[in-house]
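> Mind folding the following:
(4 chains)
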2 protein chains.
Amino acid sequence: MILSGFACTYKITGQGKRQIVSFTIAGDIPDLQSLHLKVLDNSVATLSPCSVGFITHEDLRHLCTRFPRITSAFWRETLIDAAIFREWVMNVGRREGVSRTAHLLCELMVRLKAVGLVEDHACDLPITQVEFADALGFTPVHVNRVFQQMRAEGLIVTEGTRLTIPDWDRLKQVGEFDPTYLHLEIEQAAA
Amino acid sequence: MILSGFACTYKITGQGKRQIVSFTIAGDIPDLQSLHLKVLDNSVATLSPCSVGFITHEDLRHLCTRFPRITSAFWRETLIDAAIFREWVMNVGRREGVSRTAHLLCELMVRLKAVGLVEDHACDLPITQVEFADALGFTPVHVNRVFQQMRAEGLIVTEGTRLTIPDWDRLKQVGEFDPTYLHLEIEQAAA
DNA sequence: CGATGGCTTGAAATCTCTCAAAGAAAGTGG
DNA sequence: CCACTTTCTTTGAGAGATTTCAAGCCATCG
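I've put the predicted structure just below:
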């Protein structure tokens, strides 16, 4: 479990290209699936210094058998991960440049907000353009150009790793972002 | 649960573009996630005449509480779905034309083989080029051209809805296909 | 037999990539 | 605190992949 910091899970194609398939932030358990899937089909990497906690499968199984509602809670977590993957398939498959990027930024903002890491429409996002490229299915060069365009259009403001969203509604609209798929208990009105 | 026939789950972007996020075949439960996720975040459609079975959430919950191993089995199913989504993100994000298409065809062949729907490296695939396009993140026109190229290269043979793979190893290689992510119990050597 | 859905074609427009290099920024060691 | 290295960002121009638009073909079906 990630206690603080940013990590990601990724896969590598036969040609050595990397695809980040999820970003994991505080509170996430990036490898919960290993409880029931014996063979690893993706890798985990940190994107910033992280503090992490480890829970043995044994302990998890114990918890689950003694408290069935815990099972449901964990299961639900993995189902939400799957819902996010589905959304990523759509994002990568059907949106281009600015829209695709805006969508990802919206998702990150909402998830970060849910764990208290957003203040004044801004957050610390220690993700490089190369990493965004690997998550969005672009080249780093293209991400750079997309970011420039988004800055020019006033969609984002960046200072180092700090990201500020001047107009949340507009970013949401550009990214066609609907947070339903995140299945948050408390509805996130705005970041 | 799909008993026979082909279905898919999909999402629609704000601009009305469709992205198929999974194909479901005999034995699949396309909406198992609804057991723990109250809000629907994708749609299901049939691609061919299907016979389907319905299981109420109540019955499922009953089964799960009485037989914890059933819980694990269902949970595992949803985790495999998630693993497939991850692979799709990579496929759509990092592979192009022929390779992306080959990968999808490999996945379908292996999954169909697992339920006995492949004979002599061939299967019935009632999926139109428009639907392939929506699954691969291409336009129908491009899928058509990719198919033509694959036919010309002897990677696939099509007669109506029947798909034959003349050289499985080559298709696998072109699609960089490694079935690990499908987490099949019995390893599928070849389709 | 006309209608419909699916497949195929061509040419031009777009988006995104590649390659190659230079400019910032950040971390390291003295 | 400065030089030095490394990592990250930015630029330009040409190439490549994919889309768009628009039309024609083919099979199937009522």
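> mind showing which ranges of chain A have poor pLDDT?
Per-residue confidence of chain A (counting by pLDDT under 70) places the weak regions at A:186-191.
> who in it is up against DNA strand D?
Counting by Cβ under 7 Å from any atom of the strand, the residues of chain A close to DNA strand D are A:128, A:129, A:130, A:140, A:141, A:144, A:145, A:147, A:148. Yep, even glycine has a C-beta here, placed from its N, CA and C like the rest.
> which one is the second one nearest to, not counting chain neighbours?
On the basis of Cβ to Cβ, 6 or more residues apart in numbering or on different chains, the spatially nearest residue to residue A:129 that is not a chain neighbour turns out to be residue A:143, at 4.7 Å.
> Output the contacting helices and strands for the one helix or strand the one you found maps to.
Assigned by DSSP states H and E, residue A:143 belongs to helix A:140-152. In terms of contacts (3 or more Cβ pairs under 8 Å, 6 or more residues apart in numbering or on different chains; DSSP states H and E), helix A:140-152 is packed against helix A:97-114, helix A:129-136, strand A:157-159.
> What I need now is the ones you listed written out in JSON lines, including distance to residue B:60 and mean neighbour count for each item.
JSON lines is the format used below for those (distance: least, Cβ to Cβ, whole Å; neighbours: other Cβ atoms under 10 Å in any protein chain shown):
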{"stretch": "helix A:97-114", "distance to residue B:60": "28", "mean neighbour count": "22"}
{"stretch": "helix A:129-136", "distance to residue B:60": "34", "mean neighbour count": "21"}
{"stretch": "strand A:157-159", "distance to residue B:60": "47", "mean neighbour count": "11"}
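> Quick one: closest of those to residue A:35.
helix A:97-114 (22.1 Å; Cβ to Cβ).
> Residues in contact with the closest one: which ones?
With contact meaning Cβ atoms under 8 Å, 6 or more residues apart in numbering or on different chains, helix A:97-114 is reached by A:23, A:25, A:84, A:87, A:91-92, A:95, A:118, A:121, A:123, A:125, A:132, A:135-138, A:142-143, A:146-147, A:149-150, A:153, A:155-156, A:163, A:165, A:168, A:171-172, A:174-177, A:179, A:182, A:184, A:186, A:188, A:191.
> In strands, which of those residues fall?
Counted as lying in strands by DSSP state E, out of those, are A:23, A:123, A:163.
> Tell me if I'm right that the last one and residue A:156 touch.
It stands for residue A:163. Yes. If you go by Cβ atoms under 8 Å, residue A:163 and residue A:156 touch, sitting 6.3 Å apart.
> can you pull the contacts of residue A:28?
Shown in contact with residue A:28 (Cβ under 8 Å, 6+ apart): A:1, A:2, A:7.
> at 6 Å instead, please
residue A:2 (Cβ atoms under 6 Å, 6 or more residues apart in numbering or on different chains).
> Please settle this for me: is it part of a helix?
No. Assessed with DSSP: H, G, I helix; E, B strand; the rest coil, residue A:28 is coil; it does not lie in a helix.
> Quick check: phi and psi at it.
phi -80, psi 150 (degrees, to the nearest 10).
> Repeat that for residue A:70.
For residue A:70, the backbone dihedrals are phi -70, psi -40 (criterion: degrees, to the nearest 10).
> my read: it touches residue A:63, true?
Yes. Look at residue A:70 against residue A:63 with Cβ atoms under 6 Å: they come within range, at 5.0 Å.
> Nearest the middle, which residue of chain A would you pick?
In chain A, the residue lying closest to the centroid (Cα atoms, centre = their mean) is residue A:23, at 3.5 Å.
> Not counting its neighbours along the chain, what's nearest it?
Nearest one to residue A:23, counting by Cβ to Cβ, 6+ apart, is residue A:8 at 5.2 Å.
> did I read that right, that neighbour in a strand?
Yes. Applying three-state DSSP, one finds residue A:8 inside a strand.
> If it is in a bridge, with which residues?
Legend: beta-bridge partners of residue A:8 under DSSP bridges are residue A:23, residue A:45.
> still on that earlier bit, could you export the ones in strands among the contacts of helix A:97-114 as JSON lines, including distance to residue A:57?
Below are these laid out as JSON lines (distance: Cβ to Cβ, whole Å):
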{"residue": "A:23", "distance to residue A:57": "24"}
{"residue": "A:123", "distance to residue A:57": "33"}
{"residue": "A:163", "distance to residue A:57": "36"}
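> Right, I'll leave it there.
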